[in-house]
Structures are given as structure tokens and as C-alpha cells.
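Student: predicted model and sequence follow; I will ask about them next.
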Amino acid sequence: LDELGEPVSTSNKTKKELMGILFHTMKQFEAMTKGQFMELKRMENPDKIAVMKIFGELCTYVSFLDEFLLIAIITKMMHLTLMHGICESSSCAFATCASLLVSYDREGARRNCDLALSIV
């Protein structure tokens, strides 16, 4: 991932700080209508698409092992979607984020599910 320009480091952040970054990223999506979200450009950079695919695969395994790392990966995926556009793996980020939110913010979880479904 470092070679593709997207290192993931969690060593200098607390879970609370990482959740704050995730919520800040989510707020940017919450400000968009579904139509505005769908108007985001398609991700075209092959390196960023590869990173998103790798992160999507990692989410499957990390979700059982390390919630802290999962939050870091989801945040990175959502940020990449904002900065570089939507790709198929973006849906994984929104769906996984919804699964983390469902106990705390049902409306936010529902919105993330809607965004994930609108991508596929």
C-alpha cells in the first residue's frame, strides 16, 4: 500500500481520534444529496482502484480481528472516494461503516447502506 501511495498507520492515534476522523469524513457525505453523491466522478487512477480493492479485501478479515484497524481502513476508503471518485469497492466502505454505526446511529447506518447500495 505504501508503494501505491496510500500507507495506513494507526500507531499515533487513539480510537477516539480515529472515530473523530471517520465522523468528520462521514459529515462530508451527509451534506450531499443522493443525487450529488452519484454525480461524483468515477475513480480512474488504477493505483487508487487497486488500493480500494485491497482495502475491501482487508475489511473482510480485519472486521473479525481488529476494530481499530477496520475504522482506519474504512476512513481511508471513504476519503479516497471523496478525493478520487466512486469505484465498486466504495460500496464496501459504506456498508462496513453502516455495520459499525448501527448500534450508535441508526439513521447514519441507514444512510450509509443507501449509499453502498446506490453504487452497486
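Tutor: Noted; the coordinates are in hand.

Student: pull out the buried residues from the helix or strand encompassing Ser118.
Tutor: Following DSSP states H and E, one finds Ser118 within helix 106-119. For helix 106-119, the neighbour count (16 or more other C-beta atoms under 10 Å) marks 108-109, 111-113, 115-116, 119 as buried. All C-beta spots, glycine's among them, are computed from the backbone N, C-alpha and C.

Student: adding pLDDT, write the residues you listed out as CSV.
Tutor: As requested, those are exported to CSV (pLDDT from 0 to 100):
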residue, pLDDT
Gly108, 85
Ala109, 86
Arg111, 89
Asn112, 88
Cys113, 90
Leu115, 89
Ala116, 91
Ile119, 86
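
Student: what helices or strands is the longest helix anywhere in the chain leaning on?
Tutor: For the chain, the helix that runs over the most residues, judged by DSSP state H, is helix 46-65. If you count contacts as 3 or more C-beta pairs under 8 Å, 6 or more residues apart in numbering; DSSP states H and E, helix 46-65 packs onto helix 67-84, helix 90-101.
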